[in-house]
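# fold the following.
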Amino acid sequence: MLQHELRPPRGAKRPRKRVGRGNASGQGTYAGKGMKGQQARAGSGPRPGFEGGQTPLIRRLPRRRGFHNPFRVQFTPVNLRDLSKFPPNSEVTPETLRAAGVVSSLKHPIKLLSVGELSAPLTVKTHRVSAGARAKIEAAGGTVEELMARKPPGQHRKRKRAAARPEAKAEPEEKEAASEDAPAEEQDDSSSENSESASGE
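Residues are numbered from 1 along each chain as shown. Here you go, the predicted structure:
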């Protein structure tokens, strides 16, 4: 089959219905829209979901309220008691936690919580570790390393304050400079008046 031999299937293409062209055409007067009513008028119909004025379904159903933070980081929690599966002096990483069946996926970062006790020393390397879990691991003779860097609290606020401080400092300095200049000018005027009075005498 060649490209110029391609044809649409039978019935796929139909001639356009020409309405409102006289009663002899079969689609005159009402043009297939019946008598009066909203559906007989020109223009678009009611909006999607409109139910004739009654409370639509989209408003009858409950909905979730609140705010979804797009920048929130979701952690997979792991309790300290789950590390009892590992032998002493072993290294605990996200990969070993998945291999041991503690977590099912590494899609989200892992945070170690202080639920439970730890008796054997371990080298823990996870994305985040709570303060209580860190204390218990170090008390058992182990070490902790966080794989995800922490941002210092209020860092963006400090930057904004630091950027605003030079401007705030500049204004008092300008005022002090203006106040220093003013007495000097007054002194010059008073000295010139004294010299004139002395010359007049």
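
# all the strands of the chain, in order from the start?
Here the chain has its strands, by DSSP state E, at 76-79, 91-92, 110-113, 123-126, 128-129, 143-146.

# redo the ones you listed as TSV? Include mean pLDDT, mean neighbour count and distance to residue 58.
Yep, even glycine has a C-beta here, placed from its N, CA and C like the rest. Converted to TSV, the strands of the chain look like this (pLDDT from 0 to 100; neighbours: other Cβ atoms under 10 Å; distance: least, Cβ to Cβ, whole Å):
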stretch	mean pLDDT	mean neighbour count	distance to residue 58
strand 76-79	95	17	35
strand 91-92	94	18	49
strand 110-113	95	22	38
strand 123-126	94	20	44
strand 128-129	95	20	40
strand 143-146	94	14	46
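
# would you convert those strands into JSON lines that also reports distance to residue 19?
Converted to JSON lines, those look like this (distance: least, Cβ to Cβ, whole Å):
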{"stretch": "strand 76-79", "distance to residue 19": "63"}
{"stretch": "strand 91-92", "distance to residue 19": "76"}
{"stretch": "strand 110-113", "distance to residue 19": "67"}
{"stretch": "strand 123-126", "distance to residue 19": "71"}
{"stretch": "strand 128-129", "distance to residue 19": "69"}
{"stretch": "strand 143-146", "distance to residue 19": "73"}
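
# of all the ones you listed, which lies closest to residue 101?
strand 76-79 (11.6 Å; Cβ to Cβ).

# got the CA positions of the closest one in CSV?
Written as CSV, here are the backbone C-alpha positions of strand 76-79 (Å, rounded to 0.1, in the frame of the first residue of the first chain):
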residue,chain,number,x,y,z
THR,A,76,11.2,7.5,57.0
PRO,A,77,11.3,6.9,60.8
VAL,A,78,13.5,4.1,62.2
ASN,A,79,13.5,3.3,65.9
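
# what sits up against that strand?
97, 102-103, 105, 108-113, 115-116, 126 (Cβ atoms under 8 Å, 6 or more residues apart in numbering).

# one more time with 7 Å, if that's ok
97, 102-103, 108, 110-113, 115-116 (Cβ atoms under 7 Å, 6 or more residues apart in numbering).

# partner strands of that strand, with direction?
Strand 76-79 sits in its sheet next to strand 110-113 (parallel), going by DSSP bridges.

# C-alpha coordinates for the strand it pairs with, PDB please?
C-alpha atoms of strand 110-113 as PDB (Å, rounded to 0.1, in the frame of the first residue of the first chain):
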ATOM      1  CA  ILE A 110      15.800   8.100  57.000                       C
ATOM      2  CA  LYS A 111      15.700   9.600  60.500                       C
ATOM      3  CA  LEU A 112      16.700   7.600  63.500                       C
ATOM      4  CA  LEU A 113      14.600   8.000  66.600                       C
END
